[in-house]
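J.: take a look and give me a structure for this.
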Amino acid sequence: MNKADKLNRAVDDAMDQVTAALENVKAHAISSADEIGRATRRTVHSAQGATEEAWSDAAARAKVLRSRVELYLQEQPLHTIVLALATGFLLSLVLLFFRLNRKEQSTLKQTAPLR
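T.: Here you go, the predicted model:
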């Protein structure tokens, strides 16, 4: 019976060591998860600050550009009219080109020989 007691004690000691090791691993995992969470929150906060700063900078630049354009349009009404007419003319040419190109492709498909 002495051998059986020694074996039971050895098994109990091994189980205690495994339990202690598991508790240690659990504590390290919790600690690591907390560290990762803190680092992630810092990174997100930093990125959010940078995004807000970039957004406000872009909005300020857009306001400045808009005021410059409005001022130019008010000071140069003839240039504005000529620019609008030229833009409309070029846009109509581009649309006409695409429309004619599409018609040519559809007529080519209709006249293609069947195989």
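J.: show me which helix runs longest in the chain.
T.: Secondary structure of the chain per DSSP state H: the longest helix is helix 2-75.
J.: helix or strand next in line after it, which one?
T.: Following helix 2-75 in sequence order, the next helix or strand is helix 77-111 (DSSP states H and E).
J.: mind giving me the packing neighbours of that next one?
T.: For helix 77-111, the packing partners by 3 or more C-beta pairs under 8 Å, 6 or more residues apart in numbering; DSSP states H and E come out as helix 2-75. All C-beta atoms are positioned from the backbone trio N, CA, C, and that covers glycine.
J.: could I get the average pLDDT for the helix it packs on?
T.: Mean pLDDT, helix 2-75: 91.
J.: packing partners of it?
T.: For helix 2-75, the packing partners by 3+ C-beta pairs under 8 Å, 6+ apart come out as helix 77-111.
J.: before we move on, the earlier item: the inter-axis angle of the longest helix of the chain versus helix 77-111?
T.: With axes from the mean of the first three to the mean of the last three C-alpha atoms, to 10 degrees as the basis, helix 2-75 and helix 77-111 are set at 120 degrees to each other.
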